[in-house]
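*Asks:* Got a sequence here, can you build the structure:
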Amino acid sequence: MTHEFDSLRPALAYLSPDEIGQIEQAYEFSRSAHEGQFRKSGEPYISHPLAVAGILAAGISTRRPVRALLHDVVEDTPATASEIEARFGKAVAMLVEGVSQAR
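*Replies:* Below you'll find the model as predicted:
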């Protein structure tokens with residue numbers, strides 16, 4: 001099944017399958033958390049974190065696109081920082097919280 005995540009795959013080609021899997025898990029978590037939310041343009045909200053992940057994908061760390069995909073989840077959905085920490089680790093949760101608090 002093709003979904004929006006496929007648009008990000010070319011930018012992730014330098015990563016291992018396990019690293020891509022981590023990023024895809026973050027995408028799925030974010031997509032699910034933002035289910036039913038839409039941007040002013042009418043696009044599904046996941047299009048925003050996916051675009052940010054694409055910008056940040058050019059790097060050496062899977063954390064950047066994972067953070068990008070999750071950056072609005074704590075702020076805009078019922079998902080908690082504790083859930084993010086449990087699924088993606090403390091470092092990612094701290095960075096996501098830091099972005100949310102910076103606004």
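
*Asks:* ok, the most centrally placed residue in the chain - contacts?
*Replies:* Among the residues of the chain, the one closest to the centroid is residue 69, at 1.3 Å (C-alpha atoms, centre = their mean). Neighbouring residues of residue 69 by C-beta atoms under 8 Å, 6 or more residues apart in numbering: 23, 26, 27, 29, 30, 49, 50, 52, 53. Bear in mind the C-beta positions are built from the backbone N, C-alpha and C, glycine included.

*Asks:* so where's the chain uncertain?
*Replies:* 1-2, 59-60, 100-103 (pLDDT under 70).

*Asks:* can you map out the helices along it?
*Replies:* 17-33, 47-56, 63-70, 73-76, 81-88, 90-101 (DSSP state H).

*Asks:* wait, which of those is closest to residue 9?
*Replies:* With C-beta to C-beta as the measure, helix 17-33 is the member of the helices of the chain nearest residue 9 (7.4 Å).

*Asks:* Next, the buried residues of stretch 10-28.
*Replies:* Buried positions in stretch 10-28, judged by neighbour count with 16 or more other C-beta atoms under 10 Å: 11, 12, 15, 19, 20, 22, 23, 24, 26, 27.

*Asks:* Output that stretch as PDB, restricted to C-alpha atoms.
*Replies:* Extracted C-alpha coordinates of stretch 10-28, given in PDB (Å, rounded to 0.1, in the frame of the first residue of the first chain):
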ATOM      1  CA  PRO A  10      14.300   9.000  -1.500                       C
ATOM      2  CA  ALA A  11      15.600  11.500   1.100                       C
ATOM      3  CA  LEU A  12      16.300   8.600   3.500                       C
ATOM      4  CA  ALA A  13      18.200   6.400   1.000                       C
ATOM      5  CA  TYR A  14      21.400   6.800   3.000                       C
ATOM      6  CA  LEU A  15      19.900   5.200   6.100                       C
ATOM      7  CA  SER A  16      19.800   1.500   7.000                       C
ATOM      8  CA  PRO A  17      16.400  -0.400   6.800                       C
ATOM      9  CA  ASP A  18      16.200  -0.300  10.700                       C
ATOM     10  CA  GLU A  19      16.700   3.500  10.700                       C
ATOM     11  CA  ILE A  20      14.100   4.000   8.000                       C
ATOM     12  CA  GLY A  21      11.800   1.700  10.100                       C
ATOM     13  CA  GLN A  22      12.200   4.000  13.100                       C
ATOM     14  CA  ILE A  23      11.200   7.000  11.000                       C
ATOM     15  CA  GLU A  24       8.300   5.200   9.500                       C
ATOM     16  CA  GLN A  25       7.100   4.300  13.000                       C
ATOM     17  CA  ALA A  26       7.200   8.000  13.900                       C
ATOM     18  CA  TYR A  27       5.300   8.800  10.700                       C
ATOM     19  CA  GLU A  28       2.600   6.200  11.600                       C
END
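
*Asks:* Many thanks, have a good one.
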